[in-house]
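below are the sequence and a predicted model; questions follow.
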There are 2 protein chains.
Amino acid sequence: MIPYRRIRLTVSYDGTAYAGWQRQRNAPSVQETLERALHSLTGEQAAIVGASRTDAGVHALGQVAHFDTRSRIPPEKFCFALNTRLPDDIRVVASQQVSPAFHARYGARGKTYRYQIHNSPHASALYRLQRAHVAPPLDVERMRRAALPVLGEHDFRAFAAAGGQSRGTVRDITRLDIRREGALIDITVEGRSFLYNMVRILAGSLIYIGQGKLPEDALARALESGDRLDLGITAPAHGLTLMEVRYDG
Amino acid sequence: MIPYRRIRLTVSYDGTAYAGWQRQRNAPSVQETLERALHSLTGEQAAIVGASRTDAGVHALGQVAHFDTRSRIPPEKFCFALNTRLPDDIRVVASQQVSPAFHARYGARGKTYRYQIHNSPHASALYRLQRAHVAPPLDVERMRRAALPVLGEHDFRAFAAAGGQSRGTVRDITRLDIRREGALIDITVEGRSFLYNMVRILAGSLIYIGQGKLPEDALARALESGDRLDLGITAPAHGLTLMEVRYDG
């Protein structure tokens, strides 16, 4: 019998039509759609484990996932073979064999998320699916100054949505930069892992700070107080994209 | 009786679902969708004249259009009022009263188009609607060198699709730049006006030159020969966006 091999996938998806990464009872998920495509390809019922359980509406440019298979398909061909069985809002961009010790979720050493904003008096048809529209002008310099205290290791319990299941609330943000090009503002955040909704709460708070709805030291204060009420809204899901997941080696 | 006033609109649209700007017999067009929204708002049957008759699948960030109305709606409110009656893949981003001498099409002094490419071995779900996917690596420096001779006033008959109705084929390209950021390549072209499919033929030819499928002097040669066969494919419509239309004053 052919032994199991572990395959690693890099997956992009437009989250608009999905109830998120994770398999759900009554709604289409990215995971289930991938698992069905894999089943139709190999005949096996394999679970596909994703690095990040992105929420409904959240996109991915570089989600990473793994599964085990006894299929004889060459590892690098899964990419092509799965794409012919997937809707075009999910595309596998790479596939390779990895060690059985590789785990997409528990082995992840870092993740990069990008929160995209369209800052203009009126919404644009072209940005509606991948950027949050914010009408009042945002002061990006103020947002940058406000973001500084968040860098590094802190207790982020104020940034965690109710419903999160994380045991600890200490996280380490290794990068947070805010780039503006005309009406487009991108907030890029890197860290080993994040609390549930943490990036969207951070983005929503930075948007409020940029509008002057929250004081410039709101993030610093929330880190001290641990109080969710010191922060702004959870920014809409469709503005968020999982850019990349990093592993050792 | 209230006199007619001329209103200028700036319109963004995601061209994916439309058979182009121009009213068609059996397919939804952006123009018709806007005219219907206007009719439901004012009760008038006004024609909306667009600066550019973008093709099926082509997008716009800043299409300009005008219409005449006797409605008492303040000019700057048309923007909000029309948006409540439009699908979210068409958004009016500005409205203002202009002189009756203003004409969106005949008065245009310059247009900017952007052709967007995703240059990566595999297509990405997130770019599928607004970027042409090109798998072979593109040599952007070669494309830049090849593009130089196109700048300025030339007879562009080699760059005109059959079916175009332009009387002359001399056009003036005032800007052509090619920007790469990772896997994303944007070709930005400015000129007073363009022949039918000219920007897409230019983009398709630059893609071929970047892949080495056409010689580096292909554009220069085609300007001399006037022969469409010296050029590459007409690049796919969904990669093209009308960015801006400029007027005097």
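Here it is on my side, so go on.

please count neighbours and contacts with C-alpha atoms only from this point.
Fine.

so, low pLDDT: which residues of chain A?
Scanning chain A for pLDDT under 70 picks out A:163-166.

quick one, strands of chain A?
A:5-13, A:49-50, A:59-69, A:90-98, A:110-119, A:132-134, A:152-155, A:170-181, A:184-191, A:240-246 (DSSP state E).

the closest residue in space to A:L206 that isn't next to it in sequence: neighbouring residues, count only.
With Cα to Cα, 6 or more residues apart in numbering or on different chains as the criterion, A:L206 has its nearest non-adjacent residue at 5.7 Å, and that residue is A:M143. As a burial measure, A:M143 scores 24 neighbours (other Cα atoms under 10 Å in any protein chain shown).

A:A146 now?
20.

ok, now A:A108?
Neighbourhood size, A:A108 [other Cα under 10 Å]: 18.

so what's it closest to, chain neighbours aside?
A:Y247 (5.1 Å).

how much space between that neighbour and chain B?
The gap separating A:Y247 from chain B is 21 Å, by Cα to the nearest Cα, to the nearest Å.

that residue touches A:Y106, doesn't it?
No. Using Cα atoms under 8 Å, A:Y247 makes no contact with A:Y106, being 9.8 Å away.

neighbour count winner among these two?
In this view A:Y247 and A:Y106 are compared by other Cα under 10 Å, and A:Y247 has more residues nearby, 16 against 12.

spell out which parts of chain A neighbour chain B.
Counting by Cα under 8 Å from any Cα of the partner chain, the residues of chain A close to chain B are A:12-14, A:59-61, A:88-94, A:121-126, A:128.

try 6 Å this time
A:12-14, A:89-91, A:93, A:122, A:124-126 (Cα under 6 Å from any Cα of the partner chain).

buried subset of those residues?
Buried residues within the residues of chain A next to chain B, counting neighbours by 16 or more other Cα atoms under 10 Å in any protein chain shown: A:12-14, A:89-91, A:93, A:122, A:124-126.

A:A158 contacts A:D230, doesn't it?
No. With contact defined as Cα atoms under 6 Å, A:A158 does not reach A:D230; the gap is 7.8 Å.

overlap in contacts, these two.
Common neighbours of A:A158 and A:D230 (criterion: Cα atoms under 6 Å, 6 or more residues apart in numbering or on different chains): A:A222.

compare the two (neighbour count), which wins?
A:A158 (22 against 18).

for the more buried one, which residues are in contact?
A:A158 neighbours (Cα under 6 Å, 6+ apart): A:222, A:226-228.

let's see it at 10 Å
A:169, A:198, A:201-202, A:219, A:221-231 (Cα atoms under 10 Å, 6 or more residues apart in numbering or on different chains).

nearest to A:V150, of those?
A:L219 (6.9 Å; Cα to Cα).

next, find the distance separating the closest one from A:I207.
Distance, A:L219 to A:I207, by Cα to Cα, to the nearest Å: 12 Å.

can you work out which residues contact both of these two?
Joint contacts of A:L219 and A:I207 (Cα under 10 Å, 6+ apart) are A:G232.

burial measure for A:R142, as a count.
Neighbours of A:R142 using other Cα under 10 Å come to 17.

is it correct that it is in contact with A:A218?
No. Applying Cα atoms under 10 Å as the test, A:R142 and A:A218 come out as separate, 11.5 Å apart.

out of the contacts of A:A158, which are buried?
Applying 16+ other Cα under 10 Å to these flags A:198, A:201-202, A:219, A:221-223, A:226, A:228, A:230-231 as buried.

and those residues, which two are furthest apart?
So, those by Cα to Cα: farthest apart are A:M198 and A:R221, at 15.9 Å.

that older thread, common neighbours of A:R142 and A:A218, please.
Taking Cα under 10 Å, 6+ apart as the criterion, A:R142 and A:A218 both touch A:206, A:209.

tell me how far A:P149 lies from A:P215.
Per Cα to Cα, A:P149 is found 14 Å from A:P215.

next, show the common contact partners of those two.
Joint contacts of A:P149 and A:P215 (Cα under 10 Å, 6+ apart) are A:R221.

for A:H66, list each beta-bridge partner.
A:R8, A:V49 (DSSP bridges).

tally of neighbours for it?
A:H66: 25 neighbours (other Cα under 10 Å).

please name the residues that touch it.
Applying Cα under 10 Å, 6+ apart, the residues contacting A:H66 are A:6-10, A:46-51, A:95-98, A:100, A:102-105.

weed out the non-buried ones from those residues.
Of the contacts of A:H66, these count as buried by 16+ other Cα under 10 Å: A:6-10, A:47-51, A:95-98, A:102-105.

surely A:P75 and A:Y4 touch.
No. Using Cα under 10 Å as the test, A:P75 is too far from A:Y4 to be in contact (12.0 Å).

any shared contact partners between these two?
Common neighbours of A:P75 and A:Y4 (Cα under 10 Å, 6+ apart) are A:T69.

more crowded one of those two?
A:P75 (19 against 12).

who's the most centrally placed residue in chain A bridged to?
By Cα atoms, centre = their mean, chain A has its centre lying nearest to A:L242, at 3.2 Å. Counting by DSSP bridges, A:L242 is bridged to A:A60, A:Y113.

ok, now which ones touch it?
A:12-13, A:52, A:54, A:58-64, A:111-115, A:188-189.

A:A183 now?
By Cα under 10 Å, 6+ apart, the neighbours of A:A183 are A:117-121, A:133-134, A:137-138.

tell me how far it lies from A:P121.
According to Cα to Cα, A:A183 and A:P121 sit 10 Å apart.

what's the burial count for A:P137?
A:P137 has 14 neighbours, counted by other Cα under 10 Å.

actually, A:E181.
Neighbours of A:E181 using other Cα under 10 Å come to 7.

do A:R145 as well
A:R145 has 11 nearby residues by other Cα under 10 Å.

wait, it sits on A:L176?
No. Assessed by Cα under 10 Å, A:R145 is found out of contact with A:L176, at 11.1 Å.
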